[in-house]
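Chemist: My questions concern the predicted model and sequence given below.
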Amino acid sequence: MHPELRPPTTIQGWFWNTYPTKQQIEAFEAEKDERYRLKLAHDMEVDDERTASEDATRALERERAMNEFYRKSREADVVYLQAKTALESGEVLSKTAQAQSELFEKCSRLLSDSHSTLEKQMNYNRDLNEHLTTCLEERMTFQMQLIWIMTVGVVLLYLQNCFIRDKPKQPLLGF
């Protein structure tokens with residue numbers, strides 16, 4: 001209990017000063033509200049920093065995966081053009097066949113690597129989408145909880161004012 005709102009300890013204090021003053025109540029409420037606002041702001045800053053860091057890491061991973069995919073695609077194009085050029089140049093049939101088989105093996109390896117990179121990118125995008133959906137659901141839940149807490153507080157204040165029969169000389173909470 002706030003020191004200014006603590007009841008007096010002497011008999012005379014109990015008799016003459018039973019209820020806290022309006023200024024004491026307002027000061028206590030303002031201090032409590034400010035502490036809550038500061039804690040809420042701090043929690044939101046920590047959450048935003050963590051989310052921004054995770055998003056930056058994911059964006060960097062996605063960029064790396066896309067760069068790898070494009071690099072392997074360019075290599076496959078180069079290998080394909082080399083194979084096409086080797087066929088058109090009229091080299092010896094055995095050398096051409098050997099070179100073609102090597103080039104086609106490289107192409108198939110590069111294409112399989114490109115395919116696996118694309119699958120990784122698709123998995124990453126799916127995970128990111130799920131993460132963002134979860135964050136949105138958590139924020140919506142938090143907002144609904146705040147609305148319920150405020151509603152219950154208003155109803156309790158209303159009920160307090162409705163059912164107090166012997167009202168004190170100084171009104172509680174300014175009502």
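Modeler: Sure thing, it's come through.
Chemist: pLDDT weak spots in this structure?
Modeler: Scanning the chain for pLDDT under 70 picks out 1-20, 86-87, 89-94, 96, 164-175.
Chemist: so what secondary structure elements neighbour the lengthiest helix in it?
Modeler: Counting by DSSP state H, the longest helix found in the chain is helix 93-163. Judged by 3 or more Cβ pairs under 8 Å, 6 or more residues apart in numbering; DSSP states H and E, helix 93-163 is in contact with helix 22-88. To be clear about C-beta, it is placed using only N, CA and C from the backbone, and glycine gets the same treatment.
Chemist: what's the helix it packs on packed up against?
Modeler: By 3+ Cβ pairs under 8 Å, 6+ apart, helix 22-88 packs against helix 93-163.
Chemist: and the angle from the helix it packs on to helix 22-88?
Modeler: 170 degrees (axes from the mean of the first three to the mean of the last three Cα atoms, to 10 degrees).
Chemist: How far away from the center of its chain is helix 93-163?
Modeler: 12 Å (Cα atoms, centre = their mean, to the nearest Å).
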